[in-house]
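Trainee: predicted model and sequence follow; I will ask about them next.
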Amino acid sequence: MTAPRPIHDKALDNLEFIRSTMERAGSFTAVPGWGMVLLGVTALGMAQHAGAIPTATVYGATHSHWLWTWLLEAVLGVGIGVTSMVLKARRAGDTMTQGPARKFGLGVLPPFVVGALLTYVLWNAKQMQLLPAVWLLCYGAGIMTGGAFSLRIVPVMGLCFLALGTVALFAPLTWGAWLLAAGFGGLHILFGLIIARRYGG
């Protein structure tokens, strides 16, 4: 006969189960993996359509085309992200207006608003070459702060966006368009596939 399992081992297992259950209950788990993949695909398409950042000091049609292309992608991305989150939350029986979802939204929103304000300021100041760094940094900060109330992999994605944004600050101006494609396209697809596989779509 095998020796009975010590009672303290059972207690530790029970505590671990309770801890993991509470962690899941306090986390926003409706992060949409397939929605992120779709967002990444549209970002790659928009990056191809927008092309390189115009470097001429006199602003003209090419500057407007580049900016409006990425702004359209931002609006499209918000639509894809919110819709896919709501659908995944409904499948899981979660709510989007309270609890972890509310904390996630409040964590994500401030850096995104800052990014929008800086976009307007830099456009007026004719400093468009700084926009890739600003967008990547603000998006990464938002994902990290919101990710504190979500799956563990979400803040890791935010950290990767922050790393790309830091590179964009010091890299040659011609790298900006490539870094935007790598971030909003490549990172979304990569982490979206991981989340879809490990966390149920």
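Mentor: It's in.
Trainee: contacts and neighbour counts: CA atoms only from here.
Mentor: OK.
Trainee: name the nearest residue to the residue most central in space within the chain, ignoring sequence neighbours.
Mentor: By Cα atoms, centre = their mean, the chain has its centre lying nearest to Ile143, at 4.9 Å. Leaving aside its sequence neighbours, Ile143 sits nearest to Gly158 (Cα to Cα, 6 or more residues apart in numbering; 4.8 Å).
Trainee: which stretches of this structure form helices?
Mentor: For the chain, the helices defined by DSSP state H cover 7-25, 33-50, 61-92, 100-124, 131-147, 153-170, 176-180, 188-198.
Trainee: so what's the residue nearest to Ile143 up against?
Mentor: Gly158 sits next to Tyr139, Gly140, Ala141, Gly142, Ile143, Met144, Gly147 when contact means Cα atoms under 8 Å, 6 or more residues apart in numbering.
Trainee: low-confidence ranges in the chain?
Mentor: Low-confidence segments of the chain, defined by pLDDT under 70: 1-28, 56-59, 95-98.
Trainee: distance of the nearest residue in space to Met36 that is not next to it in sequence relative to Leu38?
Mentor: Leaving aside its chain neighbours, Met36 sits nearest to Gly192 (4.9 Å; criterion: Cα to Cα, 6+ apart). Gly192 is 9 Å from Leu38, where distance means Cα to Cα, to the nearest Å.
Trainee: between those two, which is the more surrounded one?
Mentor: Each of Gly192 and Leu38 has its neighbours counted (other Cα atoms under 10 Å); Gly192 has more, 25 against 20.
Trainee: wait, that one sits on Val37?
Mentor: Yes: with contacts counted by Cα atoms under 8 Å, Gly192 reaches Val37, the gap being 5.0 Å.
Trainee: buried subset of the contacts of Gly158 as a PyMOL selection?
Mentor: Listed next is the PyMOL selection for buried residues among the contacts of Gly158, using 16 or more other Cα atoms under 10 Å:
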select buried, resi 139+140+141+142+143+144+147
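Trainee: now the contacts of Gly158 in a markdown table, please, with extra columns for distance to Leu117.
Mentor: Shown next, in a markdown table, are the contacts of Gly158 (distance: Cα to Cα, whole Å):
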| residue | distance to Leu117 |
| --- | --- |
| Tyr139 | 13 |
| Gly140 | 16 |
| Ala141 | 15 |
| Gly142 | 14 |
| Ile143 | 18 |
| Met144 | 20 |
| Gly147 | 22 |
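Trainee: need the contact list for the residue nearest to Met36.
Mentor: By Cα under 8 Å, 6+ apart, the neighbours of Gly192 are Pro32, Gly33, Trp34, Gly35, Met36, Val37.
Trainee: same thing with Leu131?
Mentor: By Cα under 8 Å, 6+ apart, the contact set of Leu131 is Thr119, Leu122.
Trainee: distance check, it against Phe191.
Mentor: Counting by Cα to Cα - Leu131 and Phe191 are separated by 23 Å.
Trainee: ok, now Ala50?
Mentor: Counting by Cα to Cα, the gap from Ala50 to Phe191 is 24 Å.
Trainee: next: Ala141.
Mentor: 16 Å.
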